[in-house]
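# output the structure for:
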Amino acid sequence: MFMFGCGNIVFLPGFSPLTPQIQLEKDLMSATVVIYGVRVKDIQNKYEVEGYDVCTATAFERRGDDYFFVTAAHCFNPDYANVWCLSLDEMAPLKKPDEKKLFTVTPLVVGNQYLGQDLAVVASKLIGVNLPTMPLASSDPTVGDNVINVAAPKFRDKQLYRGVIKTTNFYRTIFSTRGANWQSATLIALSEGSAQKGSSGSSVVSGSAGGIVAILVGNSYWEKAAITLPISQFKKFWKDFLSDMDNCDS
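Presented below is the predicted three-dimensional model:
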């Protein structure tokens, strides 16, 4: 583990967090984690944080103490590749040393976002931790479905959002050299404060569909909606990776 400090959590003006009401919302809150890409300097065996970026991820599978989390590929900025840390509870501005334990994270597979694979899976060994895992839904979102989302926008703790599926088969081309190519995406209207920087990689869950139906990757300002990739894209992405791993072992 790496040890970094926590500063105070700052809530944006006029923001009122939603309170989890049903068990599904409580489980999603617990299964959601914050991932930090941290750039550090080692000065006489003492870490000095130079900068960091934040994304959200969700536990979807467990094997013993090893947890697997789905998130977004564009979260993996090479400028912050020195240390990857995972926090289970809150935003941690990482300024004062030795105040908070963060678990180390191993990126297993990071998709090519320019080819539409804005998806990734990371793993972390959480000894003595019992997180719920969110199952992957058997079907993609459909227009009109009620959904929930838990994400960690910058300067906020993990927050619950509720919403409805607005549009399917949305397509966004690459606008810049850093842009992502989101194909057959889903637009979701979520409650106030959602889909801001730091929310990328968070899961959208449907109770009626039985689990994660989409992964949040961005927002559409002109539609006032979150852009998500349907779960069928992630299931293929994860299946292809596992198949490649099996072939390498044989």
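# shaky segments in the protein?
1-17, 40-49, 78-82, 90-101, 155, 171-181, 221-223, 246-250 (pLDDT under 70).
# redo that, cut-off 80
1-21, 38-52, 77-83, 89-102, 114-115, 154-157, 170-183, 192-195, 220-224, 244-250 (pLDDT under 80).
# only C-alpha atoms, please: export the longest helix anywhere in it in CSV.
Taking DSSP state H as the criterion, the chain has its longest helix at helix 231-249. Taking Å, rounded to 0.1, in the frame of the first residue of the first chain, the C-alpha atoms of helix 231-249 are listed here in CSV:
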residue,chain,number,x,y,z
ILE,A,231,-22.9,-3.2,-21.2
SER,A,232,-22.7,-5.4,-24.3
GLN,A,233,-19.6,-3.5,-25.4
PHE,A,234,-17.9,-4.1,-22.0
LYS,A,235,-18.9,-7.8,-21.9
LYS,A,236,-17.3,-8.4,-25.3
PHE,A,237,-14.3,-6.3,-24.3
TRP,A,238,-13.8,-8.4,-21.1
LYS,A,239,-14.5,-11.7,-22.8
ASP,A,240,-12.0,-11.0,-25.5
PHE,A,241,-9.3,-10.2,-22.9
LEU,A,242,-10.0,-13.4,-20.9
SER,A,243,-9.9,-15.4,-24.1
ASP,A,244,-6.5,-13.9,-25.0
MET,A,245,-5.2,-14.7,-21.6
ASP,A,246,-6.3,-18.3,-21.9
ASN,A,247,-4.6,-18.6,-25.2
CYS,A,248,-1.4,-17.2,-23.7
ASP,A,249,-1.5,-19.8,-20.9
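# residue contacts, residue 191?
18, 161-163 (Cβ atoms under 8 Å, 6 or more residues apart in numbering). Where C-beta positions appear, they are placed from N, C-alpha and C, glycine not excepted.
# against residue 215, how distant is it?
Separation of residue 191 from residue 215 (Cβ to Cβ, to the nearest Å): 18 Å.
# could you single out the nearest of the contacts of residue 191 to residue 196?
Among those, residue 161 lies closest to residue 196 (Cβ to Cβ), at 10.6 Å.
# hmm, back to that, with respect to residue 59, which of the contacts of residue 191 is nearest?
residue 161 (18.4 Å).
# residue 35 reaches residue 105, doesn't it?
Yes - taking Cβ atoms under 8 Å as the definition, residue 35 is a contact partner of residue 105 at 6.0 Å.
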